[in-house]
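In: Mind folding the following:
(one chain, ligands or ions: 1)
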Amino acid sequence: MTNEMKALVKAKPEVGLWMEHRPVPEIGPDDVLIRIRKTGICGTDIHIWNWDDWAAKTVPLGLITGHEFAGEIVDKGRNVEGLAIGQRCSGEGHLIGRQSRQSRAGKFHLDPATRGIGVNEPGAFAGYLRLPAFNVVPLPDEIEDEVGAILDPLGNAVHTALSFDLVGEDVLITGAGPIGIMAGAVARHVGARHVVITDVNPARLALAAEVADVVPVNVAQEDLRDVMARLKMAQGFDVGLEMSGNQAAMDQMVEALVMGGRIALLGIPPGKSPVDWSRIVFKAITIKGVYGREIFETWYKMIAMLQNGLDVRRVITHRFPVDQFRDGFEVMRSGKSGKVVLDWS
Ligand code: ZN
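Out: Take a look at the predicted model:
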């Protein structure tokens with residue numbers, strides 16, 4: 001092993017990322033060293049690339065970016081048990097504290113001291129990643145590396161979709177980005193009746209229909225009420241999964257839900273967003289904010305579902321060797337792609 005590696009770094013306070021040579025990270029007694037094989041480009045990485053207000057106040061300059069990865073354990077600290085050199089793995093990119101009430105109650109995903117790899121701490125867009133052994137998720141043989149590299153966003157989709165019981169329910173998903181599309185596949189896999197996914201981007205809706213057995217609706221062209229009538233839905237949708245952060249989509253969702261409907265919110269509105277709260281009160285709607293993945297219950301469920309027929313591979317629309325990372329980011333920024341995977345091997 002050489003002691004230098006390639007890494008995609010936020011080197012300057014402007015648009016872009018830069019490939020640099022960095023030392024391979026040193027690991028502590030409770031860490032493993034992972035050789036990265038594949039990484040996924042996330043919407044978060046696009047914010048960092050674009051260097052928008054959020055990125056500028058969150059991400060330290062010089063940081064190695066990236067948090068969606070699959071790789072192989074090549075070294076481990078002296079305290080690490082139960083993991084072997086050569087083990088293929090992905091991992092939870094949220095590094096949690098152990099002091100908070102939530103952590104001590106085992107609700108690790110609710111720890112307020114969480115730090116994210118590739119956002120606050122050195123990330124996975126690199127030849128090697130240091131990760132606490134606690135965060136490692138071994139990959140079974142049937143999950144290939146490129147699917148391993150998108151388990152982080154699939155985990156967002158699974159966490160959101162499994163927020164409420166979907167068996168026999170009619171589900172509305174607003175926002176046909178990769179996470180919305182994968183949430184549609186999950187909803188169908190766990191037994192939802194109708195899954196309708198809305199967007200205004202035809203390419204994304206076409207991809208949704210290709211990946212999952214869902215009804216794509218372009219709300220710029222079609223009225224959701226007509227779709228509901230066509231599907232013979234008596235009252236409305238039972239569950240809404242909001243993935244867009246778009247205010248019009250949220251309004252549409254509240255209108256399209258049954259009395260007593262439930263909404264899981266993953267999409268992030270820009271700034272403060274006006275909400276018709278009285279409508280939500282009078283419809284007796286339950287709203288749940290969703291952040292990250294349940295550590296490690298979501299990981300367990302998603303791997304079990306992938307082993308049991310859930311297939312999201314087609315959401316990966318583009319693959320690039322890492323030296324062509326600019327092409328990967330360009331296609332992501334075009335809004336005309338599903339997941340984009342970079343190959344580091
Ligand atoms: Zn991500």
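In: So P270 is in contact with Q247, correct?
Out: No - with contact defined as CB atoms under 8 Å, P270 does not count as touching Q247 (9.1 Å). Bear in mind the C-beta positions are built from the backbone N, C-alpha and C, glycine included.
In: near the ion, which residues of the stretch 51-200 of the chain show up?
Out: Contact residues (CB under 5 Å from the ion) of the stretch 51-200 of the chain with the ion: E68, D152, P153.
In: what's the closest non-adjacent residue to the first one?
Out: Put plainly, it is E68. Distances taken as CB to CB, 6 or more residues apart in numbering place G40 nearest to E68, at 3.4 Å, with adjacent residues excluded.
In: so that neighbour is in which element?
Out: strand 31-41 (DSSP states H and E).
In: in this protein, which ranges drop under the pLDDT threshold?
Out: For the chain, the stretches flagged by pLDDT under 70 are 1-2.
In: domain ranges for it?
Out: 4-150+312-343, 155-289 (automatic domain parsing).
In: Which of those sits closest to K301?
Out: domain 155-289 (6.0 Å; CB to CB).
In: Can you tell me the SS state at D323?
Out: Three-state assignment for D323 (DSSP: H, G, I helix; E, B strand; the rest coil): helix.
In: For it, which non-adjacent residue is spatially closest?
Out: Counting by CB to CB, 6+ apart, M19 is the residue found nearest to D323 once chain neighbours are left out, at 7.6 Å.
In: Confirm that the one you found sits in a helix.
Out: No - applying three-state DSSP, one finds M19 to be strand, outside a helix.
In: That one and K339: what is the separation?
Out: 21 Å (CB to CB, to the nearest Å).
In: Neighbour count for these two, which is higher?
Out: Using other CB atoms under 10 Å, the more surrounded residue of M19 and K339 is K339, with 29 against 14.
In: first vs last residue of stretch 95-104, how far apart are they?
Out: End-to-end distance for stretch 95-104: 15 Å, by CA to CA, to the nearest Å.
In: nope, stretch 76-92 is what I was after
Out: Termini of stretch 76-92 sit 17 Å apart (CA to CA).
In: ok, now stretch 47-58?
Out: 11 Å.
In: now, among the residues of the stretch 51-200 of the chain next to the ion, which is nearest to E81?
Out: D152 (24.7 Å).
In: so where does the closest one fall, helix or strand?
Out: Using DSSP H and E, D152 sits in helix 151-161.
In: how far off strand 31-41 does that helix point, in degrees?
Out: 80 degrees (axes from the mean of the first three to the mean of the last three CA atoms, to 10 degrees).
In: elements contacting helix 151-161?
Out: Packing partners of helix 151-161 (3 or more CB pairs under 8 Å, 6 or more residues apart in numbering; DSSP states H and E): strand 68-76, helix 178-189, helix 297-307.
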